[in-house]
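1. give me the fold of what follows.
(chains A and B)
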Amino acid sequence: MTTTTAVTAAPGPGAVTTAAATGQQRPKRKRELLSLYLAISPFYIIFAAFGIFPIIFSIYLSFHAWDGIGSMKYVGWGQYGYLIHDNEFWYSLLHTVEIWVISTVPMLMLALVIAFLLNTQIRFKTAYRVAYFIPNITSIVAIAIIFGSIFANNFGIVNSFLHALGGGQVQWLTDPWGIRVAIAAMVVWRWTGYNAIIYLAGLQAINSDLFEAARVDGASQVQTFFRITIPLLRPVILFTVIMSTIGGLQIFTESQVLIPGNSGGTNNAGETMVLYLYKQAFTQQQFGYGAALGWALFLIILIASIINWRLVQLRGRD
Amino acid sequence: MRIAKRSILHLALILGAIVSLFPFYWMLVMSTSTTEEIFKYPPKLWFGSKLLVNLRHVFDSISFWHALLNTLFVAVVTTALVLFFDSLAAFVFAKYDFPGKKILFVILLATFLVPTQLSLVPSFVIMAHLGWVGSFKALIVPSMVNAFGIFWMRQYAEGALPNELLEAGRVDGCHFMRLYFNIALPALRPALAFLGIFTFITVWNDYLWPLVILTNHNKQTLQVALSQLNGIYSTDYSMVMAGTLLAVIPLIVIFLIGARQFIADLTAGAVKG
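-> Next comes the predicted model:
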């Protein structure tokens, strides 16, 4: 939901300028300035109190052991030392990445295909767009409940379908990969339409003369796609990849609601990093360790975003 | 040939739309049937007649209306505050000059980079110190003004507010708040509609923070109550699905009212960057 370019705060050509106020008007200007600062102050106050302060406080917290009731005990780097050797954390990272890969890759490819199909002269475009977008406004709790029944072990609709095709039943909600596939399916279902509509907007911004020129020069559709469309869409693709990474590495609700018990099911197969953080902090009351896990999560998201950014940039130099 | 090509195109798009809408259809089928009817082979694929029975079970199991009212309260209050504070700040950034404007706006943009999950644990501890655990304040106050809305609305305000009109208002002696209420707010109405729907949907669907902070049972929001219903009665699919249906419908209605414009506005914000 963020944009990727910096925007200067310079006023438009005819903005209300009052800097050249004469001596007479000075008290008036002062009063106005005061109301201007007051008008923008709520954001900065709220952000300082509930945005910046918690982050600084979480550094402090992560160097302590605290169960939420007694007094905090300073433990130095103890929490981080424990984290390095905490297998369950590393497995939660692995599971998160696995779910992220099997959801993001098909999701973005499908989205690109849908965007292409929609970027033609066809009717009912708005109806299609609305249909593809509705999953995105549906709550993840509701989605997880619905998908839990769709993927139910005994004759959920997926298994009934497989049975009708002559296949065997898959124990989706107890098999480790079944759980991860079910979680990934929710992510794909909820976000494909959103990304398709972003890509579509990107496609519509490309000057159609370019496609026309390519056609005149005898370029095939496949050539046009790889030589013109993809390079010009790169900024939009980068945006979606980074947003999917940030979102994908913080998956929580899908897994927590799908498999009750806060542990991700069989062999912790669906235990993501945020679910593990939640479990440590809010069911085991390990607030210090929870804070340290938060920093680990932040670092991992930062590294992943930088890698993504570099990859998309490198491709651009070919 | 063109007709054949077009048909294939529509076929592919309709197939996608079916996948996109099927879970909703399935939710309807399940919430109108009994659990036994659904989990047999071959499955029943059409609506049943048990909706009212299933709904009664929902109302017997959780205080659904209570959770709905809680969610409505939090969503309406948060949305109203966001609309007011975001549009006020956006108006200032779009149409006024003042010392420190540039740096203040850069700070505002930089807040996009602050990761939300990092502050989950410390925020909870801070709320505990404030005595706000279990209170709606913990939900409303931190999200009553946000950078996304200010940024998005500022872009809109720059184009939508004619400087001549503001200048005329100033000459007539209107002070700042009068200009905001009489000129800026009416002109920003379309942008307010988008931001309002967006905020409402986000608050309505929020799960992790309410789960953590609303420890008080009768302060639960709908999503938390729904998740609990699913956790306790996980084998009674029909009943849980009827509850899910009730939680999902209001949002779909709100979304469909403004869907076309909403999608256009959302993508405009993402692609301009």
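2. on contacts alone, who are the packing partners of the lowest-mean-pLDDT helix or strand in chain B?
-> Of all regular secondary-structure elements in chain B, judged by mean pLDDT, DSSP states H and E, the least confident is helix B:35-38 with a mean of 81. Of the remaining helices and strands, those touching helix B:35-38 by 3 or more C-beta pairs under 8 Å, 6 or more residues apart in numbering or on different chains; DSSP states H and E are helix B:237-271. (Each C-beta comes from the backbone N, C-alpha and C, glycine too.)
3. so which residues on the stretch 151-300 of chain A come close to chain B?
-> Neighbours of chain B within the stretch 151-300 of chain A, by C-beta under 8 Å from any C-beta of the partner chain: A:152, A:154-157, A:160, A:163-164, A:189, A:192-193, A:197-198, A:200-202, A:205, A:235-236, A:239, A:246, A:250, A:252-253, A:256-257, A:260, A:274, A:277-278, A:281-282, A:287, A:290-291, A:294-295, A:297-298.
4. any of those residues buried? List them.
-> A:152, A:155-157, A:160, A:189, A:192-193, A:197-198, A:200-202, A:236, A:239, A:246, A:250, A:252-253, A:256-257, A:274, A:277-278, A:281-282, A:287, A:290-291, A:294-295, A:297-298 (16 or more other C-beta atoms under 10 Å in any protein chain shown).
5. output the below-cut-off pLDDT ranges for chain B.
-> Of all residues in chain B, those with pLDDT under 70 make up the ranges B:1, B:269-273.
6. kindly recompute the last result at 80.
-> Within chain B, the set of residues satisfying pLDDT under 80 comprises B:1-2, B:38-43, B:112-116, B:234-235, B:266-273.
7. quick one: buried residues of the least confident helix or strand of chain B?
-> Across helix B:35-38, burial judged by 16+ other C-beta under 10 Å covers B:Thr35, B:Ile38.
8. centre of the chain to it, how far?
-> Here the centre of mass of C-alpha atoms in helix B:35-38, compared against the chain's by C-alpha atoms, centre = their mean, to the nearest Å, lies 33 Å away.
9. after it, next one along is what?
-> Tracing the chain past helix B:35-38, the next element assigned as helix or strand by DSSP states H and E is helix B:51-61.
10. hmm, that following helix in reach of chain A?
-> No: when contact is scored as C-beta under 8 Å from any C-beta, no part of helix B:51-61 falls within range of chain A; the minimum is 12.4 Å.
11. just the CA trace of that helix, in CSV.
-> Coordinates of the C-alpha atoms in helix B:51-61 are reproduced here as CSV (Å, rounded to 0.1, in the frame of the first residue of the first chain):
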residue,chain,number,x,y,z
LEU,B,51,-29.7,-22.0,7.7
LEU,B,52,-31.9,-20.9,10.5
VAL,B,53,-31.1,-23.9,12.6
ASN,B,54,-27.4,-23.3,12.1
LEU,B,55,-27.7,-19.6,12.9
ARG,B,56,-29.5,-20.4,16.1
HIS,B,57,-26.6,-22.7,17.1
VAL,B,58,-24.2,-19.8,16.5
PHE,B,59,-26.2,-17.4,18.7
ASP,B,60,-26.3,-20.1,21.4
SER,B,61,-22.6,-20.7,21.3
